[in-house]
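Peer 1: predicted coordinates and the sequence they were generated for:
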Amino acid sequence: GGAEGGGAAGSGSREAVERLVRAHPVVVFMKGSPAQPLCGFSNAVVQILRLHGVEDYRAHDVLQDPDLRQGIKNYSNWPTIPQVYLNGEFVGGCDILLQMHQNGDLVEELKKLGIRSALLDAKKDQDKK
């Protein structure tokens, strides 16, 4: 680790943000933490991921870091938090994730990452009955 030199490369810089979004297949920038979301939209994103059984993801609390909060908006060109990234690609916020959840796109996107959605298994159980 160690401190990064140079004031320009703060946590809100493009390089720093890019490093965060590429650090893990599923990255969420939110208000609060998955255990304790501090806004309804962030909570919705956490709940959607939970429905799909996605427990292994990186969540960054933008309230802890004003530079990051601004930096991530600049990076994605998206004015609001939460923001979801899959495989380093910006997906969208709460509404987009909800839409993808409802139309089945999220299951497909997770599959591309090698993540099997828990909803597939739940659906399979329903078919058996």
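Peer 2: In hand now; what should we look at?

Peer 1: which stretches of the chain aren't confidently modelled?
Peer 2: Filtered on pLDDT under 70, the chain yields the residue ranges 1-9, 129.

Peer 1: how many neighbours does Leu68 have?
Peer 2: As a burial measure, Leu68 scores 23 neighbours (other CB atoms under 10 Å). The C-beta positions use only the backbone N, C-alpha and C, and glycine is treated the same way.

Peer 1: residues contacting it?
Peer 2: By CB atoms under 8 Å, 6 or more residues apart in numbering, Leu68 lies in contact with 11-12, 16-17, 20, 29, 60, 62.

Peer 1: how close does Asp95 get to Ile48?
Peer 2: If you measure Asp95 against Ile48 using CB to CB, to the nearest Å, the figure is 11 Å.

Peer 1: repeat for Leu110
Peer 2: Looking at Leu110 against Ile48, where the rule is CB to CB, the gap reads 11 Å.

Peer 1: ok, back up a step: may I ask which of the contacts of Leu68 has the most neighbours?
Peer 2: Going by other CB under 10 Å, Phe29 tops the contacts of Leu68 with 30 neighbours.

Peer 1: so between Leu110 and Ile48, which is more surrounded?
Peer 2: Per other CB under 10 Å, whichever of Leu110 and Ile48 has more neighbours is Leu110, with 23 against 18.

Peer 1: tell me which element the more buried one falls in.
Peer 2: Leu110 belongs to helix 105-112 when assigned by DSSP states H and E.

Peer 1: likewise for Ile72?
Peer 2: Secondary structure assignment for Ile72, by DSSP H and E: helix 66-76.
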